[in-house]
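Participant: have a look at this prediction, sequence included:
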Amino acid sequence: AVRHRGGLNCLEPAPTGGMGACRSVQPDPNQTIQTEQTRMDADILNIPYAHSKGRGIPIEVIRLSELRCRKLDRSLFMTTRPEFYVLMFTTAGTGAHWVDFTRHPLRQGDVLQVRPDQIHAFDADSQHEALLLVFRPEVVPETLAMRLAVHLSQPVHLEPRDFALLVQVLEFLVQNEQVP
């Protein structure tokens, strides 16, 4: 095992059977990353897709303000790994959202994507409003999924007219509780 003592990596047991031979050794970065990843994975909750109304529909639109009011079995601000897509359409105010340990500032007109298996968290200090288009991976053809990964890897700010049209469609779906 590698043990750290005084900035040196100590290998135990020593070849002579003594207390341990210390030598200056650079740690293997792959081992460090793998160890960190294993520790982080244990702390991150996987979230499967489940329609909020218990319906078998693979897509849903949720208001962020409503999500904040729900009684969840976990904190909304906890780091999680969803097994579904989330497109967050920031409809009012400013705020932020964490994706893969990067804080993304958001303002009205921004669209942010969280892909399945990305690590994300809602920012506890944010009070912005958003519509969340949540959908299962099988809804998206593979070629479109690849394009989304490239073009929406950072928040995208849409022109006000285009954003307003998208929000109208999403609001219609929320009000009618129907998603095709």
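Facilitator: It's in.
Participant: going forward, measure contacts and count neighbours with C-alpha atoms only.
Facilitator: Will do.
Participant: who's in contact with stretch 95-102?
Facilitator: With C-alpha atoms under 8 Å, 6 or more residues apart in numbering as the test, stretch 95-102 has contacts from 103-107, 114, 118-123, 125-128.
Participant: please read the previous query as pertaining to stretch 143-157.
Facilitator: His104, Leu106, Gly109, Asp110, Val111, Leu112, Gln113, Arg115.
Participant: what's the closest non-adjacent residue to the residue positioned nearest the centre of the chain?
Facilitator: By C-alpha atoms, centre = their mean, the mean C-alpha position of the chain lies nearest to His120, the distance being 2.2 Å. Nearest residue to His120, sequence neighbours excluded (C-alpha to C-alpha, 6 or more residues apart in numbering): Val99, at 4.3 Å.
Participant: quick one: the one you found from Met88, how far?
Facilitator: Computed with C-alpha to C-alpha, to the nearest Å, the distance linking Val99 and Met88 is 12 Å.
Participant: hang on, the earlier thing: so what sits opposite the residue nearest to His120 in the bridge?
Facilitator: Note on Val99: beta-bridge partners Thr102, His120, judged by DSSP bridges.
Participant: equivalent analysis for Leu106, please.
Facilitator: Going by DSSP bridges, Leu106 forms beta bridges with Gly95.
Participant: now for it, how many residues are close by?
Facilitator: Leu106: 25 surrounding residues under other C-alpha atoms under 10 Å.
Participant: was I right about it contacting Thr90?
Facilitator: Yes. With contact defined as C-alpha atoms under 8 Å, Leu106 and Thr90 form a contacting pair (6.9 Å).
Participant: so what's the gap between the host helix or strand of Val111 and the chain middle?
Facilitator: Assigned by DSSP states H and E, Val111 belongs to strand 110-114. Centroid displacement of strand 110-114 relative to its chain, using C-alpha atoms, centre = their mean, to the nearest Å, is 11 Å.
Participant: avg pLDDT for it?
Facilitator: The average pLDDT within strand 110-114 is 94.
Participant: would you map the helices across this structure?
Facilitator: All helices of the chain, identified by DSSP state H, fall at 29-43, 64-69, 142-151, 160-176.
Participant: just the mean pLDDT for the second one, thanks.
Facilitator: Regarding helix 64-69, the rounded mean pLDDT is 88.
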